[in-house]
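S.K.: got a structure for you, letters missing:
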C-alpha cells in the first residue's frame, strides 16, 4: 500500500503542474501550437488526478486532437507514469520546443 504522504505529495505536484501549464498556455494565443501544447500538458495532469477522467479518453480522442496537444499530453502522461513509484514528486512543465 502506498503511504498517505506519498499520495498527497503526488496530488500536490499534479495540481501545481495543472496550474503552471494553465498559466503558460494563457501566455499564448488561443489555437497557437504553444497554447495547444500546454493545454495537452494540463489535460494529462488533470487525468493524473482523476483516473475516471483519464479512462474516458481513448486513442480516437487523442488522435483527434491537434499535434501540439498530443505531444504535450503524451510527454506529460509518460513523465507522470514514469514517476509513479517515486517518493518525491516534482513535475516540470515540458518545453514545447
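M.R.: It's in. Worth saying up front: this structure is predicted, and the values here are computed from it rather than measured.
S.K.: quick one: buried residues of the helix or strand bottoming out on mean pLDDT in the chain?
M.R.: Using mean pLDDT, DSSP states H and E, helix 51-56 stands out as the lowest-scoring helix or strand of the chain, at a mean of 73. For helix 51-56, the neighbour count (16 or more other C-beta atoms under 10 Å) marks no residue as buried. (Each C-beta comes from the backbone N, C-alpha and C, glycine too.)
S.K.: where does this structure dip in pLDDT?
M.R.: 1-2, 54, 87-88 (pLDDT under 70).
S.K.: For the longest helix along it, name the packing helices and strands.
M.R.: Counting by DSSP state H, the longest helix found in the chain is helix 4-26. Judged by 3 or more C-beta pairs under 8 Å, 6 or more residues apart in numbering; DSSP states H and E, the packing partners of helix 4-26 are helix 33-49, helix 67-82.
S.K.: so of those helices, which one's packed in deepest?
M.R.: helix 33-49 (a mean of 23; mean count of other C-beta atoms under 10 Å).
S.K.: Quick check: residue 6 vs residue 13, distance?
M.R.: Distance, residue 6 to residue 13, by C-beta to C-beta, to the nearest Å: 11 Å.
S.K.: Neighbour count for those two, which is higher?
M.R.: Per other C-beta atoms under 10 Å, whichever of residue 6 and residue 13 has more neighbours is residue 13, with 19 against 15.
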